[in-house]
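In: Below is the sequence, then the predicted model.
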Amino acid sequence: MTESTRRDPRVGDLLAEHQELMRKIADICAFRGDVCELGVGPKCIEMADRVTDIRRLLEHHFAVEEDGGYMGNVLAIAPQFTEQATELCAQHAAFLQTLDDLEASLRTPESDVCTSVCGDFDTFISDLQAHEHRENNLIQQAFNQDDGAGD
């Protein structure tokens, strides 16, 4: 692998995008504390709006990966990661569906629904962070691998 491939700016772009995504998720997690404390009312609606925003961001993020974006770049130089990349991409639809379900629950006017969503949201965040971490590791492994040239 050449030095220029190892320093491919696309890796930096992807990692920066992942960091931005995690920052926005950290923001919604902080707000989630208010929602879980206060329960029903305007905070639940605002949380639903924030979940919708995160969903839009993730949908775009996932589409870029699936349409040959960063994952395409990874597989072009490291096809041995195809199975892992395929597995990660297959999780995208479930993440988006979970956000749809959370958003719908938050807009339900029942008194206990808003606070019951908190545990589901925490599970979603944990799963998403693990997913993004796996993607980051895959990308870093692909771009930092040594092909043995010059040995």
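Out: That came through, no problem.
In: For this protein, give me the ranges with low pLDDT.
Out: Counting by pLDDT under 70, the low-confidence segments of the chain come to 1-11, 14-15, 38-41, 69, 109-115, 145-151.
In: Go through it and flag its longest helix.
Out: helix 113-144 (DSSP state H).
In: Show me how far the helix or strand harbouring Cys89 is from its chain's centre.
Out: Taking DSSP states H and E as the criterion, the element that holds Cys89 is helix 82-90. Here the centre of helix 82-90 is set off from its chain's centre by 14 Å, with Cα atoms, centre = their mean, to the nearest Å.
In: ok, residues contacting it?
Out: Phe62, Glu65, Glu66, Met71, Val74, Leu75, His131, Arg134, Glu135, Leu138 (Cβ atoms under 8 Å, 6 or more residues apart in numbering). Every residue, glycine included, has its C-beta placed from N, CA and C.
In: Next up, the contacts around the last one.
Out: Read that as Leu138. Counting by Cβ under 8 Å, 6+ apart, Leu138 touches Val74, Phe81, Gln84, Ala85, Leu88.
In: Which of these sits closest to Asn144?
Out: Relative to Asn144, the closest of these is Val74; by Cβ to Cβ it sits at 11.3 Å.
In: What is the neighbour count of the closest one?
Out: The local packing of Val74 (other Cβ atoms under 10 Å) involves 26 other residues.
In: Go ahead and confirm it touches Glu65.
Out: No - taking contact to mean Cβ atoms under 8 Å, the distance of 9.5 Å between Val74 and Glu65 leaves them out of contact.
In: ok, now how distant is Ala26 from Ile125?
Out: Taken as Cβ to Cβ, to the nearest Å, the spacing of Ala26 relative to Ile125 amounts to 9 Å.
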